[in-house]
Each structure stands twice: as C-alpha cells, then as structure tokens.
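>>> Provided below are the primary sequence and the corresponding predicted coordinates.
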Amino acid sequence: MTKYIVKRLILAVITVLALASLVFFLVRLLPGDPFLDSKVPVEIQELQRSYYGLDKPLLEQYTTYIGNLLQGDLGYSLRYKGRTVNEMLVESFRYSADLGIRALIFSTIAGLLLGIIAALNKDKLWDHLAITVAIIGVAVPSFVVGTLIQYYFGVKLSWFPVAQYKSFLHTVLPTFALGLSTLATLARLMRTSMLEVVNADYIKAARAKGLKEKQVTIKHQIRNASLPVVTVVGISIATLLTGTFVIENIFSIPGMGRYYVMGIQNLDYPLIQGLTVVYGSFLVAAQLLVDIFYGFVDPRIRVAGTRG
C-alpha cells in the first residue's frame, strides 16, 4: 500500500508542475500587453516590465517562476500594486470555500436521496421526477440557473437577496445554482448504481436469509451502490470548494472567481497563474484522495497500480 501511495503522490506532483508550466506559457499567448496604456509614457511602461521581470528572456522568466512556486511564492499582482497573489488567495478563498461547502452538503445529500428514491420507485412518479431534475441539472449551465433564480426569487418575488454574501439568506441562491449540477449527476449515478446491484447475488442471498427489505436496501444495496459515487463526490469537493467563477460574479461574491475574471481582463499573469495552479492542485489532491480510498476499499486496484 505504501508503494501505491508514493506512486500516486509522485504523479500528483508531476501533474501540478505540468499544469503550472502549461498555464505559464498559455497566458503569454493572450493578445495584448499588461502594461500597454496610451496614457502612460513608454519609459514608464518599460520600467514596469523590468520591475516585474517581464523584460527578461522567456526561459529565464519560466525558471524563476517555477523556483518561486516550489517555495510557495506565487508572485506579485501586476494590477493590484503591492499585493501578493498569496495574500489575495487567502482573502478570497474563505468566501469560495464557504460557498463550496454549503453547495457540497446540499448537492450530496439531496442528490443521493433523490437517486435512492428514484431507484426504489423505478418507472413511477418519483423516478420520472428524478430523471427530469437530472436532465435539467446537467443540460442547463449553472450561470443560466443562477441568472434565472436571481431574477425570479430575488428581483420579482424578493424572497432572497440578489447579491453580496453577508447572511444565510445571501447564500441560498448561489448555493442552489452552484450545487444543482452536482446534485443532478449524483442522483443519476446513484439511481443507476442502485438498479445495477438490485439483482446481484449478494442481494438475493440477503433476501434468502430472511432479512427485512429495509435492511437489504440500507446494508447491502445502498452501501454497495455508493462506491462509484465516491469518485464524483471527490472531484466535486475540489470543484465546489474553489467555487464557480461565473456564479461568484453573478452574485457579487468576493471569492476567487472575481479575481480570476479580473485577472484575465487585465492580463495579470501572476494572478491567473496562481489561481489556476491552486484550482488545479485541489482537483489533483481530490483525485489522489479518491485513488487512496479506492486502494483501501478494493485491494485489486492498489495491486494493479503498483504493478503498473
């Protein structure tokens, strides 16, 4: 098991470094110049490029960036003068994480319950309702959902605040908009998994032993059907904790999404790089935890992973 974990850790580090390298070169392909301004003298623009090291050869910029990254230094923002990307991440992450945790709890509980109810009532009203919710949740983009519920429940009905992030009521609409897609995915996956194991041999054996249907459902059917769901939940943790950038902008939440969008608009290279690496690191870490969990649950996986 130790070899399996070490191998996964090495792959995770390589993946993050590859992501950091890729985003470093991609942001420099964006059209425009972060310091190009007709109102600023050319001499001042050159001084700014020199101050941030953008006048150096690209390879030298890259090696400096990777060296600082390995020390946990994400650099200084080009637009927010005197502020480090690390400081901006600490400031904004708590809002994104709070929203993500709420969305994760909501989507996981509601999604699993909806999937279980649908599977236990196959081809009945609840099943059709669950399928409809799953289709809507997957097909309709979160920013469309966010805009619609903001307008109807915030503007038209005035049930909830339309923006900011100050109280529980402020969190309801963005939590629903952010968590709906995950809810739909979990509901659909849980329903499918439940229906796949319903005729398994161990389910038949449990019924043959005289166990009550409730015990069969909870101890055997739901328990075994939940394993494939772990992968989706694991990836969803990273996605939801870092928030959805568009949702944060729709509801004016001062999270990572606001800085990310503004960083792209202003060609703030260090800010874009830092946010992308942090976001990618969360995804890689979530996948790593899922792999390790699977390794404990199913020995065949860690044996195959060690041999590979």
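Received the coordinates, thanks. Keep in mind it's a predicted model, so treat the numbers as computed, not measured.

>>> in stretch 151-160, which residues are buried?
By neighbour count, with 16 or more other C-beta atoms under 10 Å as the criterion, the buried positions of stretch 151-160 are 153, 154, 160. Where you see a C-beta, it was placed from the backbone N, CA and C, and this is true even at glycine.

>>> now do it, average pLDDT.
If you average the pLDDT over stretch 151-160, you get 88.

>>> contacts for that stretch, please.
Counting by C-beta atoms under 8 Å, 6 or more residues apart in numbering, the neighbours of stretch 151-160 from elsewhere in the structure are 161, 162, 169, 170, 172, 173.

>>> name the SS class of the residue lying closest to the fifth one once chain neighbours are set aside, please.
What it means is residue 172. In this structure, residue 172 finds its nearest non-sequential neighbour in residue 160, 5.2 Å apart by C-beta to C-beta, 6 or more residues apart in numbering. Three-state secondary structure (criterion: DSSP: H, G, I helix; E, B strand; the rest coil) places residue 160 in coil.

>>> also the one 4 residues further on?
Under three-state DSSP, residue 164 falls in the coil class.

>>> how far away is it from residue 253?
Counting by C-beta to C-beta, to the nearest Å, the gap from residue 164 to residue 253 is 8 Å.

>>> ok, now residue 177?
Plainly put, residue 177 is 11 Å away from residue 253 if you go by C-beta to C-beta.

>>> mutual contacts of those two, please.
Shared contacts of residue 177 and residue 253, defined by C-beta under 8 Å, 6+ apart, are found at residue 247.

>>> show me where the stretch 201-308 of the chain has helices.
With helices called from DSSP state H, counting those that start in this stretch, the stretch 201-308 of the chain shows them at 201-208, 213-215, 223-225, 227-241, 245-250, 256-265, 269-297, 299-307.

>>> let me see the mean pLDDT of stretch 280-290.
Rounded mean pLDDT across stretch 280-290 is 81.

>>> in it, what counts as buried?
By neighbour count with 16+ other C-beta under 10 Å, stretch 280-290 contains the buried residues 280, 281, 282, 283, 284, 286, 287, 288, 290.

>>> and the nearest residue to residue 58 once chain neighbours are set aside, backbone torsions?
Taking C-beta to C-beta, 6+ apart as the measure, residue 58 lies nearest to residue 28, with 7.2 Å between them; neighbours along the chain are not counted. Taking degrees, to the nearest 10, you get phi -80, psi -10 for the backbone angles of residue 28.

>>> the longest helix that the chain contains packs against which elements?
Ranked by residue count, the top helix of the chain under DSSP state H comes out as helix 85-120. Packed against helix 85-120, as judged by 3 or more C-beta pairs under 8 Å, 6 or more residues apart in numbering; DSSP states H and E, are the following elements: helix 125-139, helix 168-197, helix 227-241, helix 245-250, helix 256-265, helix 269-297.

>>> and the second one, how far out from the chain's middle?
Same thing as helix 168-197. Taking the mean C-alpha point of helix 168-197 and that of its whole chain, the gap between them comes to 14 Å (C-alpha atoms, centre = their mean, to the nearest Å).

>>> that one versus helix 125-139: what angle between them?
Interaxial angle, helix 168-197 versus helix 125-139 (axes from the mean of the first three to the mean of the last three C-alpha atoms, to 10 degrees): 120 degrees.
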